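Undergrad: requesting a structural model of the entry that follows:
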Amino acid sequence: MGQLKSKTVYLCSACGDDHPKWNGQCPSCNEWGTLSEFKVSKKRKENSNGLTQKTKNLDEVLKDGEIKRISLGITEIDRVLGGGLLPGSLILLGGNPGIGKSTLAIQVLPAFNNPVLYVSAEESEDQVAIRANRLKVNSKQLHLSSENRIEGILDQVSLVQPELLVIDSIQTVFSDELDSLPGSISQIRECGQQLLQLSKQKGIAVIIIGHVTKEGVIAGPKMLEHMVDTVLYLEGDDRHDHRILRSAKNRFGATNEVGIFHMNENGLVEVENPSELFLAERQNDITGSTIFPSLEGTRPILVEVQALVSNANFGTPQRNVNGFDFKRLAMLLAVLEKRIGTHMGTKDVFINLVGGLKIDDPAADLAVISAVASSSRDKLIKESVVLIGEVGLGGEVRSVSRLKERINEAKSLGFKSVIAPAANLKRMKDRIKGVDITGVTNVGEVFHHLF
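TA: Numbering: from 1, shown residues only. Model prediction:
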């Protein structure tokens, strides 16, 4: 047979499918402008005549009992991962530039007693060593490299035999077998696939650091997120000194689990009680302030919801939201006007979740609509009240998940009164002592109780 001809396909950055010809719209996922050229390697890969890896019986895999997780020495990270790092797991860590991704990756390295390989294709070994010294990370097992060829990285892994491999970042690593530039969709896909094979075949834990787009999602084909076992996002901004590590996908633990950290000159320091952090500067003598226990993964966190309602100076009233879904606020304002009779058509409404936390929990509806009503009526809500409940279009208060954990968190911080859906209380077998719990069925009852 003659030499294989070069082949060009077009790869979708959204779904990862490839197509023989270019289209403006991807035929698989219907996204526009996501197809880009991908050159298949001219090198022929030799096929083995037999099975490359022997199959294993389930009893053989489990004969040594449960696989032990590696504790990283930082409780918040272990919680987000589901109890620690599993050998052979592939983790994708994303976040905005300068948020602390490399800092977080370096801080977990001292937890390993065996060799660790840190590949920083963006920085030299000297730069990484200076950062590690500043963070007081002194590990004799730490090996540094600035290699950016995936073939060279795999050779170094064979020499060092590390227990953990850190790639910083996947957008700067490339393969010699492809003609495209580093960071292109084809390069990210190929390098990600080789790192996946490395982690699964040799049992090496791999942490891949990835850049994010302006929309806040990890750059590159969506297929990269499907490959890995865990997808972590490090969130935060310049206005706050805390960082939130969020699990968007986790095959070995709960999704949407969060860890809270303080950023200072010594790196990321874990926050043991995040509810106290978010409520530390709360003022009790202002209207439009309510408390809501948000459920982030398995952990409830108390957050202050602030609302400000004022007369609109222009024809179209403003609706500004920070940390809450804009469309859900529009729905709650419509319920407030239609079911309660509070006119919002000539009012500017501003909603802020203190501390920069972003919440998509529908159980926050009752706290948000009550904060808006408090500011609109200029009436205070008692500082010891916690509001929990989803609000429907009919003004009804619907049940929420894991109410007991939310109430216990509020109780631990000294809150004495909870307003919750009556449907939840009917199913609750054991009443929580020391907290006055009021069951409500609609928003009208809530306002009658509050005001």
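Undergrad: hmm, Ile301 and Leu413 touching each other?
TA: No - using C-beta atoms under 8 Å, Leu413 makes no contact with Ile301, being 10.6 Å away. C-beta: built from backbone N, CA, C; applies to glycine.
Undergrad: so between these two, which is more surrounded?
TA: Neighbour count, other C-beta atoms under 10 Å: between Leu413 and Ile301, Ile301 has more, with 24 against 14.
Undergrad: what about the strands in the stretch 151-300 of the chain?
TA: Assigned by DSSP state E, counting those that start in this stretch, the stretch 151-300 of the chain shows strands spanning 164-168, 205-210, 230-235, 242-250, 258-264, 267-270, 289-296, 299-311.
Undergrad: tell me the buried residues in the longest one?
TA: Buried residues in strand 299-311, counting neighbours by 16 or more other C-beta atoms under 10 Å, are found at Arg299, Pro300, Ile301, Leu302, Val303, Glu304, Val305, Gln306, Ala307, Leu308, Val309.
Undergrad: ditto for the fifth one
TA: By neighbour count on 16+ other C-beta under 10 Å, the buried set for strand 258-264 is Val258, Gly259, Ile260, Phe261, Met263.
Undergrad: what angle do the longest helix along the chain and strand 205-210 make?
TA: Using DSSP state H to define each element, the chain has its longest helix at helix 185-202. Interaxial angle, helix 185-202 versus strand 205-210 (axes from the mean of the first three to the mean of the last three C-alpha atoms, to 10 degrees): 170 degrees.
Undergrad: packing partners of helix 185-202?
TA: strand 7-12, strand 35-40, strand 90-95, helix 150-160, strand 164-168, strand 205-210, helix 223-227 (3 or more C-beta pairs under 8 Å, 6 or more residues apart in numbering; DSSP states H and E).
Undergrad: at 7 Å instead, please
TA: Identification of packing neighbours for helix 185-202 by 3 or more C-beta pairs under 7 Å, 6 or more residues apart in numbering; DSSP states H and E yields strand 7-12, strand 35-40, strand 90-95, helix 150-160, strand 205-210, helix 223-227.
Undergrad: buried ones in it, by neighbour count?
TA: 185-192, 194-196, 198-199.
Undergrad: ok, and what's touching that helix?
TA: With contact meaning C-beta atoms under 7 Å, 6 or more residues apart in numbering, helix 185-202 is reached by 11, 13, 36, 38, 88-90, 150, 154, 157, 167, 170-171, 173-175, 178, 180, 204-206, 208, 220-221, 223-224, 227.
Undergrad: which of those residues are buried?
TA: Among the contacts of helix 185-202, those buried by neighbour count (16+ other C-beta under 10 Å) are 11, 13, 38, 88-90, 150, 157, 167, 170-171, 173-175, 178, 180, 204-206, 208, 220-221, 223-224, 227.
Undergrad: name the nearest residue to Leu85, sequence neighbours excluded.
TA: Spatial nearest neighbour of Leu85, chain neighbours left out: Ile70 (4.5 Å); criterion: C-beta to C-beta, 6 or more residues apart in numbering.
Undergrad: sorry, wrong one. I was asking about Val443.
TA: Per C-beta to C-beta, 6+ apart, closest to Val443 is Gly395, 4.7 Å.
Undergrad: on the pLDDT front, check that neighbour for me.
TA: Note on Gly395: pLDDT of 95.
Undergrad: tell me the spacing between it and Leu277.
TA: According to C-beta to C-beta, to the nearest Å, Gly395 and Leu277 sit 34 Å apart.
Undergrad: where does pLDDT dip in this protein?
TA: For the chain, applying pLDDT under 70 flags the ranges 1-6, 39-53, 63-66, 238-239.
Undergrad: sorry, back to before: nearest to Arg134, of the strands of the stretch 151-300 of the chain?
TA: Between Arg134 and the strands of the stretch 151-300 of the chain, the tightest spacing by C-beta to C-beta is seen for strand 267-270, at 8.1 Å.
Undergrad: how about the CA coordinates for the closest one, as CSV?
TA: The C-alpha trace of strand 267-270 is given here as CSV (Å, rounded to 0.1, in the frame of the first residue of the first chain):
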residue,chain,number,x,y,z
GLY,A,267,-1.3,32.3,48.8
LEU,A,268,-4.8,30.8,49.2
VAL,A,269,-5.9,30.3,52.9
GLU,A,270,-9.0,28.3,53.5
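Undergrad: domain ranges for the protein?
TA: Per automatic domain parsing, the structural domains of the chain span 7-40, 67-272, 277-450.
Undergrad: reformat the ones you listed as a markdown table; add distance to Asn57.
TA: What follows is those, written out as a markdown table (distance: least, C-beta to C-beta, whole Å):
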| stretch | distance to Asn57 |
| --- | --- |
| domain 7-40 | 33 |
| domain 67-272 | 16 |
| domain 277-450 | 34 |
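Undergrad: how about those, which one is nearest Lys56?
TA: In this view, these are compared for proximity to Lys56 by C-beta to C-beta, and domain 67-272 is the closest at 12.9 Å.
Undergrad: mind checking how far the closest one is from the chain centre?
TA: Centre-to-centre, domain 67-272 and its host chain are 14 Å apart (C-alpha atoms, centre = their mean, to the nearest Å).
Undergrad: how about stretch 384-402?
TA: 25 Å.
Undergrad: need the distance between the two termini of that stretch.
TA: Criterion C-alpha to C-alpha, to the nearest Å; first-to-last residue distance in stretch 384-402 is 21 Å.
Undergrad: repeat for stretch 215-227
TA: Stretch 215-227: ends 21 Å apart by C-alpha to C-alpha.
Undergrad: can you give me the strands in the stretch 301-450 of the chain?
TA: Listed in chain order, the strands found in the stretch 301-450 of the chain under DSSP E, counting those that start in this stretch are 319-322, 347-353, 385-387, 390-391, 397-398, 417-421, 436-440.
Undergrad: for Ile291, find the nearest of these.
TA: Among the strands of the stretch 301-450 of the chain, the nearest to Ile291 by C-beta to C-beta is strand 385-387 (4.9 Å).
Undergrad: list the helices and strands that closest one packs on?
TA: Against strand 385-387 (3+ C-beta pairs under 7 Å, 6+ apart) you get strand 289-296, helix 365-377, strand 417-421.
Undergrad: re earlier: now render the buried residues of helix 185-202 as a markdown table, adding distance to Ser145.
TA: Formatted as a markdown table, the buried residues of helix 185-202 follow (distance: C-beta to C-beta, whole Å):
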| residue | distance to Ser145 |
| --- | --- |
| Ile185 | 25 |
| Ser186 | 24 |
| Gln187 | 18 |
| Ile188 | 19 |
| Arg189 | 22 |
| Glu190 | 20 |
| Cys191 | 15 |
| Gly192 | 18 |
| Gln194 | 16 |
| Leu195 | 14 |
| Leu196 | 20 |
| Leu198 | 15 |
| Ser199 | 17 |
